[in-house]
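Student: Need coordinates for the below:
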Amino acid sequence: MSEASRGSALDELDRRNADWYIDRLVQVLVFVGGVSAIVFILGIFVFITKEGLGFIGGRFSITEFFGSIAWRPTSRNPTYGALALIVGTASVTGLAMVVAVPFSLGAAIYIAEFSSGRTREALKVLVELLAAIPSVVWGFIGLSIMNPLIIRWFDTPVGLNVLNAGIILGLMAAPIMTTIAEDALKAVPDSYREAAEAMGATRWQVIRSVVIPAGKNGLVAAVLLGVGRGFGETMAVLMASGHSINLPTSPLDSVRALTATIAAELGETANGSEHYGALFTLGILLFVVTFAINLAADIMVRGGRRGRRATAEGGA
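Tutor: Prediction:
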């Protein structure tokens with residue numbers, strides 16, 4: 001072997017060694033990133049649980065906490081009834097889903113099944129830009145635009161209520177729901193569409209009878225993640241809901257959400273006090289609810305993938 005050939009072989013070996021080390025480094029970084037996410041989540045849960053244990057082990061009463069609307073942590077005889085806060089959060093989130101689900105699923109169907117080329121890319125960019133708008137900006141929209149409109153249209157003294165917060169929260173949740181729903185629809189194999197069209201089905205019949213049923217798990221997951229977003233949102237709900245403790249009887253009633261209560265009161269609470277522990281107990285409740293919702297969404301997505309894989313293998 002000549003000197004030039006030997007040198008070229010050594011250079012090739014050095015490049016392969018460098019590529020191997022780079023590949024191993026990337027694998028380690030990805031592994032560390034994945035593990036760190038799990039560690040951070042566990043750390044957050046341990047922290048809020050530790051801070052709330054003092055209240056749970058002492059003053060906490062299940063009957064009062066889940067059955068009373070009297071949230072008076074600073075009165076002479078403090079009470080910690082979270083029922084109104086839970087119902088307020090649920091009512092705002094429920095109305096938000098009424099607003100968001102039709103818009104997000106309709107947009108996802110149009111982007112995935114009807115649009116093409118530059119139109120599809122432009123719409124996807126616009127959806128992502130909507131998702132990037134800060135929650136405080138949405139809160140300002142609810143406070144300065146929706147508030148006077150609701151007062152004028154519904155002849156109510158205050159426009160900061162369930163309706164205002166639900167609309168704002170629905171608009172906030174719609175972009176992420178649209179993105180996930182569009183991915184679920186695009187994951188349906190083209191062979192399903194081609195088979196339905198070969199049998200004479202129209203475009204809408206293919207979507208209604210084939211694509212949506214095949215992607216239903218992903219669509220349900222998108223809705224569940226939107227619900228999780230609604231339960232966890234703070235600033236926009238604080239600014240648009242009226243922040244009033246009561247059980248709503250109509251969309252025009254003001255309410256207070258769990259997240260808004262924590263954000264508004266935690267900064268003025270003495271560290272280690274009953275009130276401090278009660279707020280962290282609300283945090284534990286929120287963590288458990290959002291974790292359960294996200295876990296259910298993940299299970300739905302995985303179930304849909306397994307179903308499509310089994311169908312594809314059966315067809316093969």
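Student: List the contacts of whatever helix or strand Ala264 lives in.
Tutor: Assigned by DSSP states H and E, Ala264 belongs to helix 258-265. For helix 258-265, the external contacting residues (C-beta atoms under 8 Å, 6 or more residues apart in numbering) are 71, 73, 82, 85-86, 88-89, 231-235, 237-238, 241, 243, 275, 279, 282-283, 285-286. Just so you know, the C-beta spots here come from the backbone N, C-alpha and C atoms, and that holds for glycine as well.
Student: Which of these are buried, as a ChimeraX select command?
Tutor: Per 16 or more other C-beta atoms under 10 Å, the buried members of those correspond to this ChimeraX selection:
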select :71,73,82,85,86,88,89,231,232,233,234,235,237,238,241,243,275,279,282,283,285,286
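Student: Just to be sure, which of the contacts of helix 258-265 are found in helices?
Tutor: 85-86, 88-89, 231-232, 235, 237-238, 275, 279, 282-283, 285-286 (DSSP state H).
Student: From these, pick the one nearest Met146.
Tutor: Checking the ones in helices among the contacts of helix 258-265 against Met146 with C-beta to C-beta, the nearest one is Val237 at 12.8 Å.
Student: Can you pull out the low-pLDDT segments for this structure?
Tutor: 1-19, 301, 303-316 (pLDDT under 70).
Student: ok, which stretches of it are helices?
Tutor: 3-56, 62-67, 83-109, 117-131, 135-141, 147-154, 162-186, 190-198, 203-206, 212-214, 216-232, 235-240, 258-265, 274-315.
Student: which parts of the shortest one are buried?
Tutor: Within helix 212-214, the residues that count as buried by 16+ other C-beta under 10 Å are Ile212, Ala214.
Student: same thing with the third one?
Tutor: Within helix 83-109, the residues that qualify as buried are 83-93, 95-97, 99-101, 103-105, 107-109, counting by 16+ other C-beta under 10 Å.
Student: Would you agree Val206 is in contact with Ala195?
Tutor: No - using C-beta atoms under 8 Å, Val206 is not in contact with Ala195; the gap is 9.3 Å.
Student: Look at the two and report which has more neighbours.
Tutor: Val206 (19 against 14; other C-beta atoms under 10 Å).
Student: contacting residues around the more buried one?
Tutor: Val206 touches Arg193, Ala196, Glu197, counting by C-beta under 8 Å, 6+ apart.
Student: how does it look with 6 Å?
Tutor: Listed by C-beta atoms under 6 Å, 6 or more residues apart in numbering, the contact set of Val206 reads Arg193, Ala196.
Student: now Thr290
Tutor: By C-beta under 6 Å, 6+ apart, the contact list for Thr290 reads Gly228, Phe231, Gly232.
Student: how far away is it from Ala201?
Tutor: 40 Å (C-beta to C-beta, to the nearest Å).
Student: Pull the number of nearby residues for Thr249.
Tutor: Neighbours around Thr249, by other C-beta under 10 Å: 9.
Student: Sorry, wrong one. I was asking about Leu185.
Tutor: 22.
Student: Quick check, it in contact with Ala214.
Tutor: No - the criterion here is C-beta atoms under 6 Å, and Leu185 misses it with Ala214 at 8.7 Å.
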